[in-house]
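Novice: 3D, please:
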Amino acid sequence: MAKLRHVALSVDDPDAAAKFYEQAFDMKRVRESKFGVMMSDGTVSLALLNLRVNDNAPDARGADFVGIHHLGFLVDDMDETCESVEDAGGEYHGQVKSVGKGPKYERKYRDPTGVVLDVATIEHAEASWRIPGK
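Specialist: Numbers count the residues shown, from 1 in each chain. The predicted structure is shown next:
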């Protein structure tokens, strides 16, 4: 079964955005990189991304895009879920080059309306987000 596990926002200043979510909602930073700040409330994670510095994940929306970047779903069976996504009209969209261990652990899709979503395994969540997947 898939579970919504994270929301990624494209922001101009990930550190400033992180300070807001820390203060307003008591979210915790779980990982930082030159691309952004990853936060969590212990259940759902929030990725605050700066697209201007992320050459590993070019985006057709452009470097100035600000808003919801993608949704992330945690799944038990990658192949089964990806088959379901494709059967429902989702199209494979690739993956971030510098994150995870490859398509066995994380894949990106676009839903029929164009919304980008991640499909990721517990192993990917534990390695990338450094918090337990379940």
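Novice: S10 versus D64, what's the distance?
Specialist: 9 Å (Cβ to Cβ, to the nearest Å). The way it works is simple: take the backbone N, C-alpha and C, and place the C-beta from them, glycine included.
Novice: more neighbours, these two?
Specialist: S10 (24 against 9; other Cβ atoms under 10 Å).
Novice: buried residues in the helix-or-strand element of the chain with minimal mean pLDDT, which are they?
Specialist: Between all helices and strands in the chain, the lowest mean by mean pLDDT, DSSP states H and E belongs to helix 122-129, at a mean of 76. By 16 or more other Cβ atoms under 10 Å, the buried positions in helix 122-129 come out as H124, A125, A127, S128, W129.
Novice: from those residues, pick the one nearest K19.
Specialist: W129 (19.5 Å; Cβ to Cβ).
Novice: run through the protein and note the low-pLDDT ranges.
Specialist: Low-confidence regions of the chain, defined by pLDDT under 70, span residues 53-60, 62-63, 96-103, 129-134.
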